[in-house]
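Q: sequence and computational prediction follow.
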Amino acid sequence: MKTYTLKYKKFGEHSILVEWPQIINEKVLNNILLFKSELDKKNDVKIISCKTSYNSLLVTYSDHNNKISELKSFYNEIKISKKLDIDKWEIPVCYETEFGNDLNLLEKNLSLSINKIISIHSAKQYTVYNIGFLPGFLYLGGMDERIFHPRKEKPAMNVEKGSVGIGGSQTGIYPNNSPGGWQIIGKTPIDLFDINRNKPCLVKPGDKINFHSISKKEFQLITVQEKSGIYKLKKTIND
Amino acid sequence: MIEVIKPGLYSSIQDKGRFGFENYGVPISGSMDQFSSILSNKIISNNDNDAVMEITMIGPTLKFKTETTISITGADMSPLLNGENINLFKPHIIKNGDILSFGKLKCGLRCYLSVLNGFKTKKIMNSRSMYANITKEFRISKGDILNLESKINSNNTISLNDFEYENHFKGPFIEVYKGPEYEKLSIKQQTNLFNKKFTVSNKNNRMAYQMNETIENNLDSIITSLVIQGTVQLTPSGKIIVLMRDNQTCGGYPRILQLNESSINKLSQKHMNDKIIFKLI
């Protein structure tokens, strides 16, 4: 696989950082994820962890003798035809102003009606570029530029778990109560990150997300179902 | 078990860390000063990864409700067993009902208490390291009951006499590698990084240490990328931030330097107003 010219840098004693061109797009992301998934399959005991972001892959080793040349030739030999395991998730969101505290502000600043903002936000399919900042916080790309909106000048002290927000050109969901600077437009009753599950985080980088608008009644119902463990999040596998 | 009579300023249970979940945004955590924490385990023949108590600046008061063997390493906080001074770096046999407390902080900032076979608090995602929203508590509180095995070990222990341990955290030098964005700095900025003394600010905790002094910064932010324990970030206002054990897994500030493991341990023992000098490896 010689699709991109990559930069390899030693990062600390135990890690190698691999960098792709500094652009945000799905081709780059999928190339990174393919590299990671092939490395994962190798089950190399010397590799402790493999982490990705928009333009980079970080490989951490258990010892100091990691070699950039080995990693380089491994990448170059990956077959492009290999498929990625990508899931599509449908996340229910209640866009009532009771949850979306900043909808009124956005209506004014964007000169769009609240209904229009909701329909734009829930019409698009988003790509998970990265997970971080908080455990289970998804960095989603692909938002319609009509609803781009700057972050708050002063972050809110407590954004509730499940809140769906807009920060610049990105949208995302707060997996836990936390301070945060994004404009809040709704809330999901779904636990995106739950330490009690075998897989604490259902979604992984590369996956697709759709938001679908639900009423407050449905929100309450799903909350109860989610708490008792009977709600099943809709998932389809991409082909 | 141990009953927490007083929790101290900030005491938490830590091991080597939580590995394998970084891709979901979960920090590794673990003992800030891994050297001291592993040493404390070795003194009583524990495994390196057995969970210890990390104690910060002001020590707790703990009542043992079982017998065990303990050792304490790291910062000297004048530990007392039933009111009598005890030594660091030595195994101590504990009887049911004994009380461990701490006095004045003499040097360093964090000390490590190990008990035989480690603290048996709940393991979450393969680790006992406390971290908010992952473990139930992120530090110990008054009245907590901490489980441990009832067992003593008087034979198989190591005592370190006249151990020149303080060298581990004395002196201002912090060893670093160049970070991924180091080459983007001007020669003047690079020179300033190594010629200047930096002072640990009051913003220092398990997540990061911020310095008071600034470096002129004209670099753009980077696209959110990966950071690790010991990454030195340069913020838009020119502040220097060293990421520590509870660091977030990604960030958008230029990563100008990278501490080695032993310097992360060393920096963890520094407090507000301590001076540091970066030294290129």
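A: Nice, thanks for sending it over.
Q: pretty sure residue B:153 contacts residue B:45?
A: Yes. Here residue B:153 reaches residue B:45: they are 6.4 Å apart, a contact under CB atoms under 8 Å. For every residue, glycine as well, the C-beta is placed using N, CA and C.
Q: residues contacting the residue nearest the centre of chain A?
A: The centre of chain A sits closest to residue A:138, judged by CA atoms, centre = their mean, with a distance of 2.9 Å. Listed by CB atoms under 8 Å, 6 or more residues apart in numbering or on different chains, the contact partners of residue A:138 are A:128, A:130, A:131, A:172, A:173, A:192, A:203, A:209.
Q: got it, and residue B:130?
A: B:12, B:13, B:14, B:29, B:121, B:137, B:138, B:139.
Q: repeat for residue A:38
A: A:74, A:78, A:82.
Q: next, the residue nearest to residue B:237 when sequence neighbours are not counted: phi, psi?
A: Among residues not flanking residue B:237 along the chain, residue B:214 sits closest, at 6.7 Å (CB to CB, 6 or more residues apart in numbering or on different chains). In terms of degrees, to the nearest 10, the main-chain angles of residue B:214 are phi -120, psi 160.
Q: who does residue B:214 form a beta bridge with?
A: residue B:239 (DSSP bridges).
Q: how close does it get to residue A:65?
A: According to CB to CB, to the nearest Å, residue B:214 stands 38 Å off from residue A:65.
Q: residue A:189 too?
A: 49 Å.
Q: compare those two (neighbour count), which wins?
A: residue A:189 (21 against 7; other CB atoms under 10 Å in any protein chain shown).
Q: wait, isn't the more buried one in contact with residue A:91?
A: No. Residue A:189 is not in contact with residue A:91 according to CB under 8 Å; the separation is 9.7 Å.
Q: helix/strand/coil for the residue sitting furthest away from the middle of chain A?
A: Relative to the centre of chain A, and counting by CA atoms, centre = their mean, the farthest-placed residue is residue A:65 at 32.4 Å. Under DSSP: H, G, I helix; E, B strand; the rest coil, residue A:65 falls in the coil class.
Q: can you report phi and psi for it?
A: The phi/psi pair for residue A:65 (degrees, to the nearest 10) is phi -90, psi 30.
Q: what's the pLDDT at it?
A: Listed pLDDT for residue A:65 reads 78.
Q: how far away is it from chain B?
A: 15 Å (CB to the nearest CB, to the nearest Å).
Q: residue contacts, that residue?
A: Applying CB under 8 Å, 6+ apart, no residues qualify as near residue A:65.
Q: circling back to that earlier point, format the contacts of residue A:138 as TSV; extra columns: distance to chain B and neighbour count.
A: TSV is the format used below for the contacts of residue A:138 (distance: CB to the nearest CB, whole Å; neighbours: other CB atoms under 10 Å in any protein chain shown):
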residue	distance to chain B	neighbour count
A:128	11	22
A:130	6	27
A:131	5	30
A:172	11	23
A:173	12	25
A:192	10	24
A:203	9	23
A:209	15	21
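Q: filter those down to just the ones in strands.
A: A:128, A:130, A:131, A:172, A:173, A:209 (DSSP state E).
Q: run through the bridge partners of the residue in the stretch 151-281 of chain B positioned nearest to chain A.
A: Nearest to chain A, among the residues of the stretch 151-281 of chain B, is residue B:250, at 3.7 Å (CB to the nearest CB). Under DSSP bridges, the beta-bridge partners of residue B:250 are residue B:226.
Q: looking at chain B, which helix or strand does the model trust least?
A: Lowest mean confidence among the helices and strands of chain B (mean pLDDT, DSSP states H and E): strand B:250-251, at a mean of 89.
Q: please enumerate residues in contact with that one?
A: Residues contacting strand B:250-251 (CB under 8 Å, 6+ apart): A:53, A:130, A:132, A:133, B:25, B:224, B:225, B:226, B:227, B:231, B:233, B:243.
Q: where in the chain is pLDDT low?
A: This is for chain A. A:2, A:237-239 (pLDDT under 70).
Q: um, chain B though
A: B:154, B:156, B:161-166.
Q: what does it put close to chain A?
A: Residues of chain B lying close to chain A (CB under 8 Å from any CB of the partner chain) are B:19-27, B:124-125, B:133-134, B:177, B:179-180, B:222-226, B:228-231, B:248-250, B:258-261.
Q: ChimeraX command for the buried members of those?
A: The ChimeraX selection below is limited to those of these classed as buried (16 or more other CB atoms under 10 Å in any protein chain shown):
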select /B:19,21,22,23,24,25,26,27,124,125,133,134,177,179,180,222,223,224,225,226,228,229,230,231,248,249,250,258,259,260
